[in-house]
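J.: Fold the following and give me the result.
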Amino acid sequence: MTKKIVITGIGASSPLGGNVADTWKALNAGESGARTLPHEWVEKYELPVKFAAEAKVRPTEVMERVETKRLDPVAQFAVIASREAWEDAGSPEVEPERLGVDYATGIGGLWSLLDAWDVLREKGPRRVLPMTVPMLMPNAAAAAVSMRFEARAFARTVASACASSTESLVNAYEHLQAGLADVIIAGGSESAVHPITMASFASMQALSKRNDSPETASRPYSVDRDGFVMGEGAASLVLETEEHAKARGAKIYAELAGGGVTADSYHITANDPEGRGASRAVALALAAAGASPDDVTHINAHATSTPVGDIAEYAALKVAFGDRVDGIPVSATKGATGHLLGGTGALEAIFTVLAIQSRQAPPTINLSEQDPEIPLTISGRPIDLGSGEQLAISNSFGFGGHNAVAAFRSV
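T.: Okay, here's the model as predicted:
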């Protein structure tokens, strides 16, 4: 028997705000989290891209120093977002052996790794911190969340590039269906605004170079889009069976109705231009939700603002929905947040949940002139979704051909 899986808590630290409320308010106000980087390393390394969407509230502002010393920023953000989500869920009383963690990152503890390399080269091996490996390992965020909330059912890590945290949500859905836990903290985190990643993405012509106007640089679907904007932060969702949530009197935001995960097996960085893998992920998510393409009322698109990527996603949606796709309200929220890589899917899942709860899809900013090859229903202002039942999907696609789609239903 299929169980109904619901969301009872949400938390985030994003380029738009240090919590969900501030982030959601800024998103709907059409604000941008992209800013010129103030760090000396931008000029030191003569980086061609001088801006990014760093988290608006630094972990050091909301965490004790003793916590931050032993955690890479990627794990710090994960704990901050999970702490908010857990409190929002009412700090549920659950046996530690029935509480699980499905958490994701695309890159992991990049800062810890490269800072340690600098120390080794400049000061020798005795000065390398003994906690370096525990801080840089990709599972550090999941482990930190697990230890913070005494989650002993499992603490699993997904690393599927930009599809990572949506895949973690799909995994959590399946783990709850399988009865492996009663409550799961799921999400993703990334802190990779670093000179090496900025240089690398710029070298592959993936980043926008609008140094003179960072706040308008991420331009999904606009004819003059020229690349994505690096983002940073984390988002967490508390998931549980409806039976468990109702038994403890929890508030319920929405239902995680299903998910789909596929692989393109096409190219290490490029999407399948025919959208076969991505469209199959949509179909799998809808099948798990017991729904058809005609039931979908809203789409939170991956929409990174790259010239090729946005068109490839449209091709996939066209396969999945046919001509109807052009009439479904779409939000491309990376215009405001930038691209959080492994953390982006969880943040956009929260946006999708809040959209169907409020019956209002968030705006897509910086759309100066819509690309005629992508004739979707999008708007620079919030879109009214109507008063009926809502079924929305959130898409995430990553390097390596990873595709993950989550479906959410209003309650």
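
J.: Poorly predicted segments of the stretch 251-400 of the chain, please.
T.: Across the stretch 251-400 of the chain, nothing is flagged by pLDDT under 70.

J.: all strands of it, in order?
T.: Residue ranges of the strands in the stretch 251-400 of the chain, as given by DSSP state E, counting those that start in this stretch, are 254-263, 298-300, 330-331, 360-361, 383-384, 391-398.

J.: As TSV, those with mean neighbour count and distance to Thr23 would be great.
T.: Every C-beta, even on glycine, is put in place using the N, C-alpha and C of the backbone. As requested, the strands of the stretch 251-400 of the chain are exported to TSV (neighbours: other CB atoms under 10 Å; distance: least, CB to CB, whole Å):
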stretch	mean neighbour count	distance to Thr23
strand 254-263	23	17
strand 298-300	28	14
strand 330-331	26	14
strand 360-361	25	15
strand 383-384	15	18
strand 391-398	28	15
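
J.: In TSV: those, plus distance to Leu340.
T.: Formatted as TSV, these follow (distance: least, CB to CB, whole Å):
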stretch	distance to Leu340
strand 254-263	19
strand 298-300	13
strand 330-331	15
strand 360-361	20
strand 383-384	23
strand 391-398	10
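
J.: who wins for proximity to His339 among those?
T.: Judged by CB to CB, the one of those that comes nearest to His339 is strand 391-398, at 10.5 Å.

J.: Check whether Leu391 really touches Glu255, as I assumed.
T.: No: using CB atoms under 8 Å, Leu391 makes no contact with Glu255, being 9.4 Å away.

J.: okay, and the common contacts of those two?
T.: Taking CB atoms under 8 Å, 6 or more residues apart in numbering as the contact rule, Leu391 and Glu255 both touch 408-410.

J.: Buried only: go through the residues you listed for me.
T.: 408-410 (16 or more other CB atoms under 10 Å).

J.: Export the residues you listed as JSON lines, with columns for secondary structure and pLDDT.
T.: Converted to JSON lines, those look like this (DSSP: H, G, I helix; E, B strand; the rest coil; pLDDT from 0 to 100):
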{"residue": "Phe408", "secondary structure": "strand", "pLDDT": "98"}
{"residue": "Arg409", "secondary structure": "strand", "pLDDT": "98"}
{"residue": "Ser410", "secondary structure": "coil", "pLDDT": "98"}
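
J.: residues touching Ala404, list them.
T.: Contact analysis of Ala404 by CB under 8 Å, 6+ apart lists 160, 163, 166-167, 169-170, 259-261, 281, 345, 395-398.

J.: which of the residues you listed lies closest to Asn19?
T.: Gly345 (18.8 Å).
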